[in-house]
Each structure stands twice: as structure tokens, then as C-alpha cells.
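Q: sequence unavailable; structure follows:
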């Protein structure tokens, strides 16, 4: 199930604070009221919720957005979940269950058939321990705490900066209070699995 927002127009005072808080451009003021004008842009993160002084915005499940985007068998790939960037993934997403693949950004570009080899039909989150803000990785604590994750597969590059990904995941699991098994796969610079 995918989360999106719903606006109670009877509570909306048209201040526009939610529109400013929505970094995806999903909201706009229409006739003096906030409206979800681009539902497919809503990432379900809820940045607009705390911005609303009238408590006019709430989360709802959206079955339509939960449908796979690509239905053609020659175009689809396993793991059709979106978004996949750690910065954009909602920590309360219904797709985050079972085995979770946490991959360094570069890995999918170095391994042939990355999706078939690692992702299959499981949820995936990607990030870069060198370039992403470390605070973003704190979101992993909430993901582990709030979702029925049964195992984690960390896929990282062999370069030294990438080893931090496994350390960040281990730390987040510990801080979540859960005991989730972690498997680490290291990819060489030439794309072979070490």
C-alpha cells in the first residue's frame, strides 16, 4: 500500500504553508484552498503535515499508486517499488517488509543483472555513505523499528568509503532495538562479486 495525503477543505484556511513545505510540487493553492494537484508527485513523506497550522492534512492509503507503473512484461523489472533513494523512502511504507536490500548507489551500475541477482521482488533502498548526509541514514532506524524487516542484504562497493554503509546499517539495527540478520555483499571495481 502506498501512502499519500488527503486535505480536508473545511479545515484549510488557504495559508499555503503546506504548498511551501511540499518539495515535490504535488500541492497548489486553488481558489484559496490547498489541493493535491499532482497525486503522482506525492512521495508520502508527509513534509506538508507538520506545516499545516489547521491540521487539515492526513495520510491515506492509495491503491492506485500502489499498482506497478510498468505493466508490459518486456519493460518491467523486479522490485517495481518507488522511490528507492533513502532520502525519499517513507519510513512507514507498506512495501518495507521481509527481506530488505540496502545498496550503495554505484552497485547497480557495476553488476550485470543487478535486479535479478540481488533485488528479485524485494524492497530496495539505495544511498551513498560518502555523498549523502549522514543524518539521512538515521531514517534506517525508523524503517527497521516500524516495519517487519526479517533480513537485510547490504550490497556495497569494495572502495573504503563504501564500507561505512554496512557500519551505518548495523548501527541502525542496534538502535532500532531489533535483532535483524545482516548479510554483506562486496562488489569489486570491475563488477565481480567478491
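A: Cool, the structure landed. From a predicted model like this one, the values you see are computed outputs, not experimental measurements.

Q: and stretch 22-42, how far from the chain's centre?
A: 20 Å (CA atoms, centre = their mean, to the nearest Å).

Q: where do the strands sit along the protein?
A: 2-7, 27-30, 33-36, 57-62, 98-104, 124-127, 149-157, 182-187 (DSSP state E).

Q: can you list those strands in TSV and add mean neighbour count and distance to residue 16?
A: Backbone N, C-alpha and C define where each C-beta goes, glycine included. Formatted as TSV, the strands of the chain follow (neighbours: other CB atoms under 10 Å; distance: least, CB to CB, whole Å):
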stretch	mean neighbour count	distance to residue 16
strand 2-7	19	12
strand 27-30	16	5
strand 33-36	20	7
strand 57-62	15	13
strand 98-104	22	37
strand 124-127	23	32
strand 149-157	20	37
strand 182-187	17	44
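
Q: can you pull the contacts of residue 136?
A: Residue 136 is in contact with 86-87, 127, counting by CB atoms under 8 Å, 6 or more residues apart in numbering.

Q: quick one: residue 86 from residue 138, how far?
A: From residue 86 across to residue 138, the span is 10 Å (CB to CB, to the nearest Å).

Q: tell me which of those two has more neighbours.
A: Between residue 86 and residue 138, counting by other CB atoms under 10 Å, residue 86 is the more crowded of the two (19 against 14).

Q: what about the more buried one, distance to residue 157?
A: In terms of CB to CB, residue 86 sits 16 Å off from residue 157.

Q: give me the pLDDT value at the residue nearest the centre of the chain.
A: By CA atoms, centre = their mean, the chain has its centre lying nearest to residue 89, at 1.6 Å. Here the pLDDT value assigned to residue 89 is 88.

Q: what's the neighbour count on the closest residue in space to residue 164 that isn't next to it in sequence?
A: For residue 164, ignoring the flanking residues on the chain, the nearest one in space by CB to CB, 6 or more residues apart in numbering is residue 129 at 3.8 Å. Here the count is done by other CB under 10 Å, and residue 129 has 20 residues near it.

Q: for the one 3 residues further on, same thing?
A: Taking other CB under 10 Å as the neighbour definition, residue 132 ends up with a count of 17.

Q: phi and psi next, for it.
A: With angles defined as degrees, to the nearest 10, residue 132 sits at phi -80, psi 150.

Q: ends of stretch 13-27, how far apart?
A: Start and end residues of stretch 13-27 are separated by 14 Å (CA to CA, to the nearest Å).

Q: quick one: mean pLDDT over that stretch.
A: 91.

Q: cool, stretch 148-156 as well?
A: 97.

Q: over to stretch 41-58?
A: The pLDDT scores in stretch 41-58 average 87.

Q: quick one: that stretch to chain centroid distance?
A: 17 Å.

Q: cool, stretch 141-160 as well?
A: Mean-position distance between stretch 141-160 and its chain equals 12 Å (CA atoms, centre = their mean).

Q: right, I'll leave it there.
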